[in-house]
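S.K.: Just need the structure, nothing else, for what follows:
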Amino acid sequence: MKKYLLLVLVVFVFSSCKPTRESRLKEIGKYEMTTLKETKEISKIKADSLLVLYDSFISDFPTDSNSTIFLFRAADVCINMKYCDRAIAYIDRLVSDFPNTQMSEFASFKRGEAYEKACSNKEKAKQAYDDFTVEYPESDLANTAKVMSEMLGMQDEMDMIRQFEAQNAETLTVEN
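M.R.: Below you'll find the predicted structure:
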């Protein structure tokens, strides 16, 4: 607990000094490298500290193109940490603040992943993937979203296996 408070204090002190945009980008980059490089699973303390750095940059530079990237990465960290509401909030902010960017499209797709993995809500995940295919029918991710939605609608793994076997049988029949 003391480490967590100390880390938050250090981040607060650094953010209150209002360093330049470039120094903030370097600081975030270094922290990302050490945090994400150490293990496959990020610790809660490091995840929270990284989110503080992202939030600070986004608050100080809200229209910067890096803010879209940091909103997306923050959502990803939240999904991995199972911070449901925070993940959705970052995604919603990215989509609303930067609607005409490709990152907005990726975030809309990631909304399904957030509901599925962070929120454990298959119904909302399925709806998010379905909404994505309607909103971005020409996207490279549209087919993936459709498949993800179909998989979420299946009762169990055996349903998936049966469906893939049926599709495989249809493909073999058509080709012969």
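
S.K.: After the helix or strand where residue 87 lies, heading C-terminal, what element do we hit next?
M.R.: Using DSSP states H and E, residue 87 maps to helix 84-97. Going down the chain from helix 84-97, the next helix or strand is helix 102-113, by DSSP H and E.

S.K.: which ones are touching the residue nearest in space to the middle of the chain?
M.R.: Central residue check for the chain by Cα atoms, centre = their mean: the C-alpha nearest the mean position is that of residue 76, 3.2 Å away. Shown in contact with residue 76 (Cβ atoms under 8 Å, 6 or more residues apart in numbering): residue 110. C-beta coordinates here come from the backbone N, C-alpha and C atoms, glycine included.

S.K.: Distance of the closest residue to residue 78 other than its chain neighbours relative to residue 115?
M.R.: Once flanking residues are discounted, residue 78 sits nearest to residue 87: 3.6 Å by Cβ to Cβ, 6 or more residues apart in numbering. Going from residue 87 to residue 115 by Cβ to Cβ, to the nearest Å gives 9 Å.

S.K.: and if you look at residue 139?
M.R.: 18 Å.

S.K.: for residue 146, same thing?
M.R.: Taken as Cβ to Cβ, the span from residue 146 to residue 115 is 16 Å.

S.K.: Same drill for those two, tell me which one is more crowded.
M.R.: Remark: of residue 146 and residue 115, residue 115 carries more neighbours, 25 against 15, as counted by other Cβ atoms under 10 Å.

S.K.: give me every residue that touches that one.
M.R.: 84, 88, 121-122, 124-125, 127-128.

S.K.: same thing but at 6 Å, please
M.R.: 121, 124-125, 128 (Cβ atoms under 6 Å, 6 or more residues apart in numbering).

S.K.: Reformat those as a markdown table; add secondary structure, distance to residue 51 and pLDDT.
M.R.: As requested, the contacts of residue 115 are exported to a markdown table (DSSP: H, G, I helix; E, B strand; the rest coil; distance: Cβ to Cβ, whole Å; pLDDT from 0 to 100):
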| residue | secondary structure | distance to residue 51 | pLDDT |
| --- | --- | --- | --- |
| 121 | coil | 22 | 97 |
| 124 | helix | 22 | 97 |
| 125 | helix | 22 | 97 |
| 128 | helix | 22 | 97 |
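
S.K.: Scan the residues you listed and report the most crowded one.
M.R.: residue 128 (25 neighbours).

S.K.: so what's that residue closest to, chain neighbours aside?
M.R.: residue 112 (3.9 Å).
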